[in-house]
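Undergrad: My questions concern the predicted model and sequence given below.
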Amino acid sequence: MSTIASDFLKTSDTKAFDKDHRRIINYNIGKYDVAVERGLSKFANLENSKRKAHTIKWKVMENLDKLLPEFESNFQRKGGKIIWANDAAEANKEILQIIKKAGAKTVIKSKSMATEEIHLNEFLEDNHIETIESDLGEYIVQLLGQKPYHIVTPAMHLSKEDIAKLFNERFGTPIDATPEQLTLKARELLREKYTSADVGISGGNFLIADSGSIALTENEGNARLTTTFPKIHIAIVGIEKVIPSINDLDLFWPILSTHGTGQNLTVYNTILGGPRQSNESDGPEEMYVILLDNGRTNLLAEKDQRQGLYCIRCGACLNACPVYKNIGGHTYETTYSGPIGSIITPHMAGMKEFKHLSYASSLCGKCTEVCPVKIDIHKMLLLNRRDSVEQGLSPRVERLGWKGWKMGMMKRKMMDMFGGKFKNLLLKNFFKKSWGNHRDLPQVAEKSFSKQWQEQQAGEKL
């Protein structure tokens with residue numbers, strides 16, 4: 001077992017019985033569930049919308065080699081610059097070169113999972129570049145020195161009391177400050193950063209091929225400020241985020257917002273198509289889009305599992321997952337946690353290190369049920385398990401155990417060779433630890449059903 005897998009099991013065991021954590025998460029996800037149920041009710045035919053979104057994303061993956069160059073060509077025509085990055089190291093290197101070339105010292109960022117994926121904040125800090133998160137949730141976890149807990153809601157694991165305490169310690173706000181007061185304080189602190197930052201960095205919810213634009217969706221307006229005030233705007237976007245046409249936003253924006261927050265549409269929806277033009281009054285002087293691979297083509301090559309690339313990062317599967325709700329986002333030790341993280345991380349970051357995530361599921365299928373683009377998530381988890389076995393990543397003890405089980409299941413005489421007492425002794429001595437500290441081992445009957453049936457049939461013939 002890898003160190004990452006071992007740490008995952010230890011942390012899961014602790015976090016699952018953390019009552020305060022469970023209270024906060026149940027409260028926050030409970031509010032989400034109410035909002036989403038209301039939002040989804042506005043769709044005339046939700047199932048049809050999900051099927052249409054699935055079909056569009058399928059077409060995208062089948063034509064990625066055509067759509068990405070189309071986006072590149074159209075974006076460059078407007079004065080934008082495209083950078084292709086094979087991995088996190090290349091992306092970070094290119095970003096640092098842009099910053100150094102401009103003589104920049106400060107960076108303001110809007111919420112972006114792609115930047116979390118390449119550990120951009122840490123990289124820039126190591127190179128003496130000040131980086132400030134402008135999304136309120138991201139800003140809070142940055143102050144705490146933590147990673148985002150959730151794809152959509154970075155500070156979901158914190159109560160308003162936790163945040164009030166943090167702001168009291170850092171900025172001297174009242175210990176009993178309300179969420180409104182805390183938000184105003186954050187606004188006061190961040191407003192000056194927008195106008196003084198040399199570079200603005202964002203992600204991108206969608207890359208629009210036919211218009212050569214990126215689409216951003218948000219609720220705080222921080223992404224607009226981040227991409228407007230600084231002279232340079234850099235967007236880091238995964239290559240799977242492309243959609244064929246600007247008309248597709250008519251489907252993807254509502255389906256993302258309803259599944260992500262329960263809103264019909266988020267408050268701010270922006271389309272950016274390059275740097276400021278001669279007839280425009282605001283916007284950056286330079287705009288770059290970094291098209292990030294970082295393992296995505298590995299997943300694209302897996303025909304059975306490439307559905308994982310359909311994900312639009314709404315977070316619905318996390319909120320539905322009983323495992324995620326018990327062990328929390330930080331336990332996964334990955335950028336993308338929950339069910340979607342469990343199916344894409346082994347391919348993007350290594351099956352050997354992260355195969356254990358595909359086993360961290362009850363396979364209840366709730367994640368598949370709620371997915372807005374109909375990714376067959378629980379099937380993907382099973383396929384990942386299959387791949388890990390075929391790649392010889394199963395422990396020797398596990399392989400021997402399954403070999404013995406198979407022999408027994410294929411030959412009834414071997415199953416009935418020993419009685420229930422011996423079988424229970426075997427379970428107690430060899431399987432108690434793997435079964436779990438919080439579950440009682442099942443009791444095997446003294447006689448198997450087959451043995452009892454044979455005896456009954458023999459008695460009836462006498």
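TA: Looks like it came in fine. All of these numbers come straight from a predicted model, not from anything done at the bench. Numbers count the residues shown, from 1 in each chain.
Undergrad: Return the residues in contact with the spatially most central residue of the chain.
TA: Residue closest to the mean C-alpha point of the chain, counted by C-alpha atoms, centre = their mean, is Tyr336 at 2.9 Å. By C-beta atoms under 8 Å, 6 or more residues apart in numbering, Tyr336 lies in contact with 113, 117, 151, 344-345. Placement of C-beta: from N, CA and C, glycine included.
Undergrad: thought Thr226 was touching Ser112?
TA: No. Counting by C-beta atoms under 8 Å, Thr226 stays clear of Ser112, with 9.8 Å between them.
Undergrad: shared neighbours, those two?
TA: 201-202.
Undergrad: So between those two, which is more surrounded?
TA: Neighbour count, other C-beta atoms under 10 Å: between Thr226 and Ser112, Thr226 has more, with 30 against 24.
Undergrad: secondary structure element for the more buried one?
TA: Assigned by DSSP states H and E, Thr226 belongs to helix 222-228.
Undergrad: Okay, helices next: where are they in the stretch 151-300 of the chain?
TA: Ranges of helices in the stretch 151-300 of the chain, per DSSP state H, counting those that start in this stretch, are 160-171, 179-196, 222-228, 249-260, 296-300.
Undergrad: From Leu363, how far out is Leu382?
TA: 7 Å (C-beta to C-beta, to the nearest Å).
Undergrad: shared neighbours of these two, which are they?
TA: Joint contacts of Leu382 and Leu363 (C-beta under 8 Å, 6+ apart) do not exist.
Undergrad: which residues sit against the helix or strand of the chain with the lowest mean pLDDT?
TA: Across the helices and strands of the chain, mean pLDDT, DSSP states H and E gives its lowest value to helix 432-435, namely a mean of 77. Residues from elsewhere that reach helix 432-435, judged by C-beta under 8 Å, 6+ apart: 427, 441.
Undergrad: go again using 10 Å as the cut-off
TA: 397-398, 401, 427-428, 439-442 (C-beta atoms under 10 Å, 6 or more residues apart in numbering).
Undergrad: which element follows it toward the C-terminus?
TA: helix 449-461.
Undergrad: what packs against that following helix?
TA: helix 412-415 (3 or more C-beta pairs under 10 Å, 6 or more residues apart in numbering; DSSP states H and E).
Undergrad: could you dump the helix it packs on to PDB, C-alpha only?
TA: Taking Å, rounded to 0.1, in the frame of the first residue of the first chain, the C-alpha atoms of helix 412-415 are listed here in PDB:
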ATOM      1  CA  ARG A 412     -18.600 -27.000  -3.600                       C
ATOM      2  CA  LYS A 413     -16.600 -29.700  -1.800                       C
ATOM      3  CA  MET A 414     -13.900 -27.200  -0.900                       C
ATOM      4  CA  MET A 415     -16.500 -24.800   0.500                       C
END
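Undergrad: got the buried residues for the helix or strand following it?
TA: Next helix or strand after helix 412-415 toward the C-terminus (DSSP H and E): helix 420-430. For helix 420-430, burial by neighbour count (16 or more other C-beta atoms under 10 Å) applies to 423-424.
Undergrad: again with stretch 66-78
TA: Buried, per 16+ other C-beta under 10 Å, within stretch 66-78: 67-68, 70-72, 74-75.
Undergrad: what's that stretch in contact with?
TA: For stretch 66-78, the external contacting residues (C-beta under 10 Å, 6+ apart) are 59-61, 63, 80-82, 84, 207-214, 237, 239-244, 272-275, 277, 287-289, 291.
Undergrad: From these, list the buried ones, please.
TA: By neighbour count, with 16+ other C-beta under 10 Å, the contacts of stretch 66-78 hold 60-61, 80-82, 207-209, 211-214, 237, 239-244, 272-275, 287-289, 291 as buried.
Undergrad: Just say helix, strand or coil for the residue lying closest to Lys355 once chain neighbours are set aside.
TA: Of all residues not flanking Lys355 in the chain, Ser388 sits nearest, at 4.0 Å (C-beta to C-beta, 6 or more residues apart in numbering). Under the three-state scheme (DSSP: H, G, I helix; E, B strand; the rest coil), Ser388 adopts helix.
Undergrad: Check the gap between Ser388 and Leu357 for me.
TA: Per C-beta to C-beta, Ser388 is found 10 Å from Leu357.
Undergrad: sorry, back to before: closest to Thr55 out of the contacts of helix 432-435?
TA: Glu398 (39.0 Å; C-beta to C-beta).
Undergrad: phi, psi of the residue nearest to the centre of the chain?
TA: Main-chain dihedrals, Tyr336, degrees, to the nearest 10: phi -110, psi 110.
Undergrad: hmm, back to that, now for the residue nearest to Lys355, how many residues are close by?
TA: Around Ser388 there are 19 residues (other C-beta under 10 Å).
Undergrad: Pull up the per-residue confidence for it.
TA: Here the pLDDT value assigned to Ser388 is 94.
Undergrad: try Val34
TA: For Val34, pLDDT reads 95.
Undergrad: Isn't it up against Gly262?
TA: Yes. Between Val34 and Gly262 there is a contact at 7.5 Å, judged by C-beta atoms under 10 Å.
Undergrad: Between the two, point out the one with more neighbours.
TA: Gly262 (18 against 11).
Undergrad: Pass me the low-pLDDT residue ranges in the stretch 151-300 of the chain, would you?
TA: Within the stretch 151-300 of the chain, no stretch falls below the threshold (pLDDT under 70).
Undergrad: residues in contact with the nearest residue to Ala360 once chain neighbours are set aside?
TA: Counting by C-beta to C-beta, 6+ apart, Val323 is the residue found nearest to Ala360 once chain neighbours are left out, at 5.6 Å. For Val323, the contacting residues are 12, 16, 331-332, 338-339, 342, 357, 360-362, 364, 367, by C-beta under 10 Å, 6+ apart.
Undergrad: The residues you listed in helices, which ones?
TA: 12, 338-339, 342, 367 (DSSP state H).
Undergrad: how about those in TSV, adding neighbour count?
TA: Formatted as TSV, the ones in helices among the contacts of Val323 follow (neighbours: other C-beta atoms under 10 Å):
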residue	neighbour count
Ser12	17
Gly338	29
Pro339	29
Ser342	30
Cys367	29
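Undergrad: Wait, Val237 touches Arg296, no?
TA: No. The criterion here is C-beta under 10 Å, and Val237 misses it with Arg296 at 11.1 Å.
Undergrad: Quick one, which of the helices of the stretch 151-300 of the chain gets closest to Asn319.
TA: Using C-beta to C-beta, the nearest of those to Asn319 is helix 249-260, at 9.1 Å.
Undergrad: packing partners for the closest one?
TA: Using 3+ C-beta pairs under 10 Å, 6+ apart, helix 249-260 is in contact with helix 19-40, helix 46-62, strand 206-208, strand 213-218, strand 242-243, strand 268-272, helix 316-320.
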